[in-house]
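# have a look; sequence and predicted model below, questions after that.
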Amino acid sequence: MNTKAYLVGAGIASLASAAYLIMHSEIPPGNICILEESGLVGGSMDAHGSPDVGYAMRGGRMFDEEAYSCTYDLLALIPGTNDPSRSVKEEMFDFNERIRSHSNCRLVEGGKKVDVSNMGFSMRDRVDLIRLMLASEESLGVSAIWDHFEPAFFTTNFWFMWCTTFAFQPWHSAIEFKRYLLRFIQELPRIATLAGVRRTPYNQYDSIIVPLVAWLKGKGVHFLLNARVTNLLFSTHATPKRVECIVYTQQGERSEIPVGEDDLVFVTLGSMTEGSSFGSMTAAPLLNLKREGGAWSLWETIAQNRCEFGRPQTFDDNIPQSSWESFTITFHDPTFFRLMEAFTGNVAGTGGLVTFKDSNWLMSLVLPAQPHFIDQPASVQVCWGYGLFPDRVGNFVGKKMSDCNGEEILRELLGHCRFEDNLHTIVRTSICIPCMLPFITSQFLIRGKTDRPPVIPNDSKNLAFVGQFCEIADDVVFTVEYSIRSAQTAVFALLKLDKKVSPIYKGQHDSRVLFDSVKALFS
């Protein structure tokens, strides 16, 4: 078979697309080429560093026990990191059998645990929440979350737990919020403990990306790195339209890849980590704009005068409403972990996000099981956190989070933990690396019905869109599951396979889940 497949971007959506092409088509793996503008693979699922310079990752992800059918289906087919005779899924499930999540400290205020046995709802809040869950997406239109609730709703225990688990802001899309409420309705009764969460043995790069890329390369898939795709050239007369050429630059040189009559093109639209910037213990990260990378500009270029390709400006032109800042801390002294484990009542890996309700930055922190990196020494510990309001002045350092270096962010965290007696020891023996993410929740921004294009755009013969900015009915963006589902959908549709995409879990149709969720609403 002479068909070739070209995949733009080396994030999880493209990697999954390549895997599905190998599993479900006769396209030789050597005919599959992944083009990536950076020198690294994995996209937003990154992690890097060392004990000496500090470890860093832009994000950390939790996997739902029931709702990640596409993800688990894919991981079941990929040989594991530690034992190739076992799949990544088996390694992950074994890990979660050994280390079960059950947070004993979800919210903190004034340096003390908050009792989260009560959601904090008024009857009006309950009615508004149920009304939103029952509303049609058409009726919600381009409304925001805060259009549907009283101000008091955003002070409830539920909101603090839900918004920091999923990174929602009151100004985000009501449609996306509704989708999350339905997609994760099974999490309502356990949002205080996060008992339904599954995690990978290491960070997601080491646990998922590394074995997946090794498997793809072992099959013969080609990776063209440091290649920024700048345009796709389309046939002007053929119907349906076909991509005829891929234009890219590499080391400043412009090149073209002719796309044959039977070839396929998969494009990861946009990027939630575009323009991200790392700081250090002595320097704050920069706030970059969309022109710092090629993901947004490619989408804007191909969407010009093509409404069927969506409207990228909806997502890339509102940094104040789509940005937040994360940080990764490397500890060379066990004091912080010892104190946090004693305070929370959770051994590292068994808790979840610890959110500081009274933090002006709305800071949250998670202590994963150690080691969190494959090469991490036993004497080193790593944790990750983030702040939803980087433009607000901190409670302890007196500066905006966006203006703080790593040491100042660490000092702010220690203030909220009330660990002042050990502050000097912890700061002296730790490395905190902040990361500014200007587009991290851009997929949550208020959007119109056609602002995200379908996976297979209308009137297209050989092009598919994958990732966080294509439209998949009923599913939720900002999840690995969404990216992998888009890949499965794209491959099955372009190849015209008689296969069904893994079904979306719909707990609202399960009477037991519905009963437990209603009970939680009235707690």
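Great, that's in hand. Numbers count the residues shown, from 1 in each chain.
# what's the least confident helix or strand in this structure, going by average pLDDT?
Here the helix or strand of the chain ranked lowest by mean pLDDT, DSSP states H and E is strand 63-64, holding a mean of 88.
# what helices or strands is that one leaning on?
Judged by 3 or more Cβ pairs under 8 Å, 6 or more residues apart in numbering; DSSP states H and E, strand 63-64 is in contact with strand 197-198, helix 480-494. No exception for glycine: its C-beta is placed from N, CA and C like everyone else's.
# just the ones you listed: most buried one?
helix 480-494 (a mean of 25; mean count of other Cβ atoms under 10 Å).
# list the contacts of whichever helix or strand comes after it.
Proceeding N to C from helix 480-494, the next assigned helix or strand is helix 511-521, under DSSP states H and E. Outside helix 511-521, the residues that touch it by Cβ atoms under 8 Å, 6 or more residues apart in numbering are Met119, Phe121, Arg126, Leu129, Ile130, Ile185, Gln186, Leu188, Pro189, Ile191, Gly507, Gln508.
# pull out the buried residues from helix 511-521.
Val513, Asp516, Ser517, Ala520, Leu521 (16 or more other Cβ atoms under 10 Å).
# could you dump those residues into TSV and include pLDDT?
Shown next, in TSV, are these (pLDDT from 0 to 100):
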residue	pLDDT
Val513	91
Asp516	92
Ser517	92
Ala520	90
Leu521	89
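# from these, which is closest to Arg418?
Ala520 (30.3 Å; Cβ to Cβ).
# and that closest one, how close does it get to Leu514?
Counting by Cβ to Cβ, to the nearest Å, the gap from Ala520 to Leu514 is 11 Å.
# ok, now Glu138?
Distance from Glu138 to Leu514, by Cβ to Cβ: 24 Å.
# ok, Leu287 next?
43 Å.
# do the same with Tyr72
23 Å.
# also Gly387?
35 Å.
# Met401 now?
For Met401, the distance to Leu514 - Cβ to Cβ - is 39 Å.
# ok, now Gly49?
44 Å.
# ok, Val382 next?
In terms of Cβ to Cβ, Val382 sits 39 Å off from Leu514.
# picking that back up, nearest to Gln321, of the helices and strands packed on strand 63-64?
helix 480-494 (20.2 Å).
# so what's the gap between that closest one and the chain middle?
16 Å (Cα atoms, centre = their mean, to the nearest Å).
# helices and strands around it, which ones?
Using 3+ Cβ pairs under 8 Å, 6+ apart: helix 480-494 touches helix 12-24, strand 63-64, helix 69-75, strand 264-268, strand 463-466.
# what is the rounded mean pLDDT of the fourth one?
Right, strand 264-268. Summarised as a single mean, pLDDT over strand 264-268 is 98.
# next SSE downstream of it?
That would be, after strand 264-268 and using DSSP H and E, strand 277-278.
# I'd like to know how many residues surround Pro79.
Look at Pro79: counted by other Cβ atoms under 10 Å, it has 17 neighbours.
# could you check how far it is from Leu40?
21 Å.
# Val8 too?
Distance from Val8 to Leu40, by Cβ to Cβ: 15 Å.
# between the two, tell me which one has more neighbours.
Ranked by neighbour count (other Cβ under 10 Å), Val8 and Leu40 place Val8 first, with 27 against 14.
# rewinding a little: now distance to Met363 too, for the buried residues of helix 511-521, in TSV please.
Output for the buried residues of helix 511-521, formatted as TSV (distance: Cβ to Cβ, whole Å):
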residue	distance to Met363
Val513	32
Asp516	30
Ser517	28
Ala520	26
Leu521	27
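# and which of the residues you listed is nearest Arg338?
Nearest to Arg338 among the buried residues of helix 511-521, with distances taken as Cβ to Cβ, is Ala520, at 33.3 Å.
# my guess is Arg190 meets Gly196, correct?
Yes. When contacts are counted by Cβ atoms under 8 Å, Arg190 is listed as touching Gly196 (5.2 Å).
# who's sitting farthest from the centroid in the chain?
His237 (39.0 Å; Cα atoms, centre = their mean).
# quick one: what helix or strand has it in it?
Per DSSP H and E, there is no helix or strand for His237.
# what's near enough to touch Val197?
Per Cβ under 8 Å, 6+ apart, neighbours of Val197: Met62, Phe63, Asp64, Glu65, Ser101, Gly352.
# how does it look with 6 Å?
Met62, Ser101 (Cβ atoms under 6 Å, 6 or more residues apart in numbering).
# beta partners of it?
Asp64 (DSSP bridges).
# ramachandran angles for Lys89?
Backbone torsions of Lys89, given as degrees, to the nearest 10, read phi -60, psi -40.
# burial count for it?
17.
# my read is Met340 is in a helix, agree?
Yes. Counting by DSSP: H, G, I helix; E, B strand; the rest coil, Met340 is located in a helix.
# what about it, neighbour count?
20.
# per-residue pLDDT, it?
98.
# once you drop chain neighbours, what's closest to it?
Nearest residue to Met340, sequence neighbours excluded (Cβ to Cβ, 6 or more residues apart in numbering): Leu367, at 5.9 Å.
# go ahead and confirm that neighbour touches Asn346.
No. The pair Leu367 / Asn346 is not scored as a contact, 7.5 Å apart, by Cβ atoms under 6 Å.
# contacts only, for Ile12.
Contacts of Ile12 by Cβ under 6 Å, 6+ apart are Met45, Val480, Ser483.
# confidence score at it?
pLDDT, Ile12: 98.
# and Thr344, what does it touch?
Asn104, Cys105, Gly351.
# at 7 Å instead, please
Asn104, Cys105, Gly351, Val354 (Cβ atoms under 7 Å, 6 or more residues apart in numbering).
# tell me the secondary structure for the third one?
Spelled out, that is Gly351. Assigned with three-state DSSP, Gly351 falls in the coil class.
# count the neighbours of it for me.
24.
# try Ala238
Ala238: 11 neighbours (other Cβ under 10 Å).
# in this structure Ile484 contacts Thr71, no?
Yes. The pair Ile484 / Thr71 is scored as a contact, 5.3 Å apart, by Cβ atoms under 7 Å.
# shouldn't Asn288 be within a helix?
No. Counting by three-state DSSP, Asn288 is not part of a helix but coil.
# quick one: residues contacting the residue lying closest to it once chain neighbours are set aside.
Excluding its sequence neighbours, the residue lying closest to Asn288 (Cβ to Cβ, 6+ apart) is Gly275, at 3.6 Å. Residues in contact with Gly275 (Cβ under 7 Å, 6+ apart) are Asn288, Leu289, Lys290, Glu292, Gly293, Pro438, Phe439.
# mind checking which of these are buried?
For the contacts of Gly275, buried by 16+ other Cβ under 10 Å: Asn288, Lys290, Gly293, Pro438, Phe439.
# after the helix or strand harbouring Glu97, which helix or strand is next? Please name it.
Assigned by DSSP H and E, Glu97 belongs to helix 88-98. Where DSSP H and E defines the elements, the next helix or strand beyond helix 88-98 is strand 107-109.
# which helices and strands does that next one pack with?
helix 157-166, strand 354-356 (3 or more Cβ pairs under 7 Å, 6 or more residues apart in numbering; DSSP states H and E).
# ramachandran angles for His222?
Dihedral angles (degrees, to the nearest 10) for His222: phi -90, psi 140.
# all strands for the stretch 201-350 of the chain, in order.
With strands called from DSSP state E, counting those that start in this stretch, the stretch 201-350 of the chain shows them at 222-224, 228-234, 243-250, 253-258, 264-268, 277-278, 324-331.
# looking at these, which is buried most?
strand 264-268 (a mean of 28).
# neighbouring strands - and their directions - for that one?
strand 5-8 (parallel), strand 463-466 (parallel).
# low pLDDT regions in the stretch 251-400 of the chain?
Within the stretch 251-400 of the chain, no stretch has pLDDT under 70.
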